[in-house]
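Enquirer: 3D, please:
(one chain, ligands or ions: 1)
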Amino acid sequence: MACRKWYMGTNTKMYKTIADTNRFVSDLCTLTADIPREKFELFVIPSYTTLDQAGRNRDSRLLKLGAQNMCWEEQGQFTGEISPLMLREVGCDLVMIGHSERRHIFMETDEMERAKVRSALEHGFTALLCIGETEEEKAAGRTAEVLRRQLETGLRDVEIPQLNRVWVAYEPVWAIGVNGKPITIAYADEMLSAIREILCDIFGVSGEDVPIFYGGSVNPENAVPLSRCRDINGLFIGRSAWDAEKFNRLIRQVLESRMQEDSDACGRSHEQRKE
Ligand code: PEP
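Expert: Model (predicted):
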C-alpha cells in the first residue's frame with residue numbers, strides 16, 4: 001500500500017479572502033516544490049470567489065484546485081448556486097461533493113450528491129465525494145449501513161472508465177471541526193476498510209483503485225498513525241492545514257514516515273529472499 005500514490009489536501013471552508021488564498025496557494029507551491037509529484041498529489045479547495053486568481057497564481061503541476069460544491073445543472077433558475085461551466089471557466093480541477101456541512105446544515109440528500117457527481121464527471125472534473133456517519137448513527141450501530149447508502153447512491157451513475165476521476169473522503173461527522181471528538185486509529189482503519197469493501201462490491205476489482213482519504217480533525221499527532229491505515233490513500237485536512245508552513249510540515253512528516261515504511265518493507269522482502 002505504501003508505494004501507491006498519496007494525496008493530501010485541504011478545504012478552507014468559508015475562511016480566507018482572495019488575498020489570503022493567493023498567499024496560501026503560492027506559499028504552499030513554493031514550500032512543497034521540491035517534493036516529486038509522480039506519487040504525491042496536493043490539492044486545495046478554497047471559496048468560489050478566490051478560484052480565478054488562485055488558479056492563475058498556482059503552478060498546476062504542483063497543486064490541484066477544487067470547488068466546495070457545484071449545481072448539477074449548467075444553467076437555470078438556481079439562485080445562489082454555481083454551475084459546472086462557471087467552475088470550468090476558472091480552471092477548477094475537482095469538485096467536492098457532499099461535505100458534511102452541505103449534508104447536515106444545508107440538507108443536501110444522497111440523490112442530490114448523485115446528480116452532482118454525475119455532472120462533475122460529465123464536465124471533466126474529478127469528483128471528491130465526502131461520506132460519513134453522524135454521532136447518532138454511530139451510537140445506533142448504523143455506520144456501515146450509512147456508508148453503504150451514501151456510496152451506492154452517490155456513485156450510482158458512475159461508469160467504470162470514469163472511476164479514475166473519483167475520490168472518496170471518509171469524514172465522520174462527529175470528528176470534524178472545532179467540536180470534533182477524537183477518533184481512534186483502529187476505528188478509522190476499520191471504516192476505511194469497510195469503504196474499500198463497499199467500493200469493490202459496487203465496482204468489482206476497479207474499486208481497489210479508488211483513492212480513499214480520511215478527514216476529521218487530522219493534526220500533527222494523529223496524521224502519521226492515520227496514514228498507516230490499511231486502506232487509506234490520503235488525508236483531507238481542515239484547520240491543521242490552513243497555515244502553509246504548518247501544512248508543509250505535516251506533509252513532510254507523513255511523507256517521511258511513508259518513505260521509512262517503504263524502505264522497511266523493501267528490507268524485509270530482501271531478507272526473506274536471502275532465507
Ligand atoms: C473538514 O471540514 O472536512 C475537516 C476535515 O475539518 P477539520 O480537519 O478541521 O476537522
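Enquirer: Can you tell me the closest non-neighbouring residue to L192?
Expert: Nearest residue to L192 in three dimensions, chain neighbours excluded: D231, at 4.3 Å (CB to CB, 6 or more residues apart in numbering). In short, each C-beta sits where N, CA and C put it, glycine included.
Enquirer: who does the residue of the stretch 1-150 of the chain found nearest the ligand bridge with?
Expert: Minimum separation of the stretch 1-150 of the chain from the ligand (CB to the nearest ligand atom) falls at N11, amounting to 5.0 Å. Using DSSP bridges, the bridge partners assigned to N11 are I45.
Enquirer: Would you mind measuring from it to H99?
Expert: Between N11 and H99 the computed distance is 7 Å (CB to CB, to the nearest Å).
Enquirer: re the thing from before, so what's the residue of the stretch 1-150 of the chain closest to the ligand up against?
Expert: When contacts are counted by CB atoms under 8 Å, 6 or more residues apart in numbering, N11 touches 45, 66, 68, 96, 99, 236, 238.
Enquirer: just to revisit the earlier point, now for N11 and H99: what residues contact both?
Expert: Q68.
Enquirer: So which bits of the chain are right by the ligand?
Expert: Proximity of the chain to the ligand (CB under 6 Å from any ligand atom) is limited to residues 11, 171, 176-177, 180, 215-218, 236-239.
Enquirer: returning to what we had before: mind checking pLDDT for the residue nearest to L192?
Expert: Looking at D231, its pLDDT reads 98.
Enquirer: Is it located within a helix, as I assumed?
Expert: No. If the criterion is DSSP: H, G, I helix; E, B strand; the rest coil, then D231 is coil and not within a helix.
Enquirer: Secondary structure element for V224, which one?
Expert: Element membership for V224, per DSSP states H and E: helix 223-227.
Enquirer: hang on, the earlier thing: which one among the residues of the chain next to the ligand gets closest to the ligand?
Expert: Looking across those and measuring by CB to the nearest ligand atom, the closest to the ligand is G238, at 2.3 Å.
Enquirer: Find the nearest non-adjacent residue to that closest one, please.
Expert: N11 is the one closest to G238 (CB to CB, 6+ apart), at 6.2 Å.
Enquirer: hmm, back to that, hang on, the residue nearest to L192 packs against R196?
Expert: Yes. D231 lies in contact with R196 (CB atoms under 8 Å); the separation is 4.1 Å.
Enquirer: Between these two, which contacts overlap?
Expert: I212.
Enquirer: mind listing what's buried in the helix holding V224?
Expert: Neighbour-count burial for helix 223-227 flags 223-224, 226-227 (criterion: 16 or more other CB atoms under 10 Å).
Enquirer: likewise stretch 208-228?
Expert: Buried positions in stretch 208-228, judged by neighbour count with 16+ other CB under 10 Å: 210-218, 222-224, 226-227.
Enquirer: As a markdown table, those residues with pLDDT would be great.
Expert: A markdown table is the format used below for the buried residues of stretch 208-228 (pLDDT from 0 to 100):
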| residue | pLDDT |
| --- | --- |
| V210 | 98 |
| P211 | 98 |
| I212 | 98 |
| F213 | 98 |
| Y214 | 98 |
| G215 | 98 |
| G216 | 97 |
| S217 | 95 |
| V218 | 98 |
| N222 | 98 |
| A223 | 98 |
| V224 | 98 |
| L226 | 98 |
| S227 | 98 |
